[in-house]
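Give me coordinates for this.
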Amino acid sequence: MHRKIVTVVATWAVVLAAAASPSSAVVGGSDAAPGEFTSVAEVYLGEGVFFCTGTLIDPTHVLTAGHCGNPTGAVFAAPVAWPTPLIDVYIGSNKTLEGEHVPVSKAVVSPDYFGLLNSRNDLTILTLSRASSHTPTPVAAAGERSIWDPGDLETIAGWGVTEEDGDLPDTLQKAQVPITTDTYCKSRYTEDDGYDFDPETMVCAGYPEGGVDTCQGDSGGPMFGTAADGSRRVVGVTSWGNGCAQPGQPGVYARVADTKLRTWVESVAPDGVADDGSTTSTGGSAVKGKGKRAHQKKSKA
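Got it, this is the predicted structure:
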């Protein structure tokens, strides 16, 4: 079963996005501590309906998945974005809706993202109406390729469900998964089975035996690598997979730290990509937000 995760926001939204099944949340993880991931964001649509996870990559930009920002891509294959008045983000807390609330002024979906036609280039960048008070976590620089080599243990974080088709947690979840080789991932997601694994824009992570993974609601959330100075970098963005935490079915992430996607991110958010050798912390204070959380529903293609 091909997994992508979308939250149902309204009847008309379901009609538009019925074929677009966006990505995941963390299975086999644990609660994040207060102040542990202050660049991680909750993305909401409409009247306080939780939709996806994201990452603050510079003071005014949140990175999330293409299918999180795009209501029609799977139907019309056009990289349009949701109207910005519908989008809200809450940044910096480990508790739902207690982060810094910042409205969105612009949403840009990768022009090469075409929904369920292939799931490649699965990125959206949200421009905030004002700078966040939290310290961002940028995308890894070109010179930091070694921090996301096959076998490297990376950190995933998200607001998604903790078991397939389960309930959303009140506390941000975290876990660690190893990067797989592209050859292994392609062998698990074959064209004969209807998958389109693209090693230029996708990277996989997970254990052969399963048990730990992103899941519904984690779409758009970060996979963090660790830079030489110990600070975090975004090396992947939760995108899709087959079920959640299934054996031999690793999670698939947008390959944001590699050339093609990193170059696009830098064209929209120049400060959202780290300089080689730069130092970035993950601190920041939380400002209580308002809103109502709704149950998330998953659609599958």
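
What segments of the protein are helices?
Secondary structure of the chain (DSSP state H): helices located at 11-17, 66-69, 73-76, 182-188, 259-268.

Pull the number of nearby residues for the residue nearest to residue 143 when sequence neighbours are not counted.
On the basis of CB to CB, 6 or more residues apart in numbering, the spatially nearest residue to residue 143 that is not a chain neighbour turns out to be residue 276, at 3.8 Å. C-betas here are computed from N, CA, C, even on glycine. Taking other CB atoms under 10 Å as the neighbour definition, residue 276 ends up with a count of 11.

same deal with residue 143?
Applying the criterion other CB under 10 Å, we find 12 residues in the vicinity of residue 143.

same thing with the one 5 residues further on?
If you count neighbours by other CB under 10 Å, residue 148 ends up with 25.

I figured it hits residue 224, correct?
No - no contact is recorded between residue 148 and residue 224 when judged using CB atoms under 8 Å, the distance being 9.6 Å.

what sits in contact with each of these two?
Common neighbours of residue 148 and residue 224 are listed as 154, 235 (criterion: CB atoms under 8 Å, 6 or more residues apart in numbering).

can you pull the contacts of the residue nearest to residue 143?
The neighbourhood of residue 276, defined by CB under 8 Å, 6+ apart, consists of 141-144.

what does residue 157 give?
26, 32, 37, 40, 53, 172-174, 221-222, 224.

7 Å instead?
Contacts for residue 157 were tallied using CB atoms under 7 Å, 6 or more residues apart in numbering; they are 26, 32, 37, 40, 172-174, 221-222.

Neighbour-wise, give me the winner out of those.
Within the contacts of residue 157, most neighbours by other CB under 10 Å means residue 221, with 38 neighbours.

Against residue 155, how distant is the residue lying closest to that one once chain neighbours are set aside?
Leaving aside its sequence neighbours, residue 221 sits nearest to residue 53 (CB to CB, 6+ apart; 3.2 Å). For residue 53, the distance to residue 155 under the criterion CB to CB, to the nearest Å works out to 13 Å.

Find the residue closest to the residue minimising distance to the centre of the chain in space, skipping its chain neighbours.
The residue at the geometric middle of the chain, judged as the C-alpha nearest the mean C-alpha position with CA atoms, centre = their mean, is residue 220 (1.7 Å). In space, residue 220 comes closest to residue 64 once its chain neighbours are excluded; the distance is 3.2 Å by CB to CB, 6+ apart.

just to revisit the earlier point, show me the contacts of residue 157 that map onto strands.
Secondary structure assignment by DSSP state E places 40, 173-174, 222 of the contacts of residue 157 in strands.

how much space between residue 29 and residue 178?
With the distance defined as CB to CB, residue 29 ends up 15 Å from residue 178.

Actually, residue 196.
Plainly put, residue 196 is 23 Å away from residue 178 if you go by CB to CB.

Quick check, residue 176 in contact with residue 153.
Yes - under the contact definition of CB atoms under 7 Å, residue 176 touches residue 153, with a separation of 5.1 Å.

So between the two, which is more surrounded?
Residue environment comparison for residue 176 versus residue 153 gives the larger neighbour count to residue 176, 15 against 11, counting by other CB under 10 Å.

and that one, what is it in contact with?
With contact taken as CB under 7 Å, 6+ apart, residue 176 is in contact with 153-155.

please redo it, this time with the cut-off set to 8 Å
When contacts are counted by CB under 8 Å, 6+ apart, residue 176 touches 153-156, 212.

could you flag which of these are buried?
Of the members of the contacts of residue 176, the ones counted as buried by neighbours, 16 or more other CB atoms under 10 Å, are 154-156, 212.

Which of those sits closest to residue 237?
Looking at these and their distance to residue 237, the nearest is residue 156, at 10.5 Å (CB to CB).

Please report how far that closest one lies from residue 166.
From residue 156 over to residue 166 the distance is 17 Å, taken as CB to CB.

re earlier: I'd like the contacts of residue 276 laid out as TSV, including distance to residue 80 and pLDDT.
Shown next, in TSV, are those (distance: CB to CB, whole Å; pLDDT from 0 to 100):
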residue	distance to residue 80	pLDDT
141	30	98
142	30	97
143	35	96
144	32	97
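
quick one: least confident helix or strand in the protein?
Lowest mean confidence among the helices and strands of the chain (mean pLDDT, DSSP states H and E): helix 11-17, at a mean of 29.

which ones are touching residue 209?
By CB under 8 Å, 6+ apart, the residues touching residue 209 are residue 247.

from here on, count from 458
Noted, 458 is the first residue going forward, which turns the last one into residue 666.
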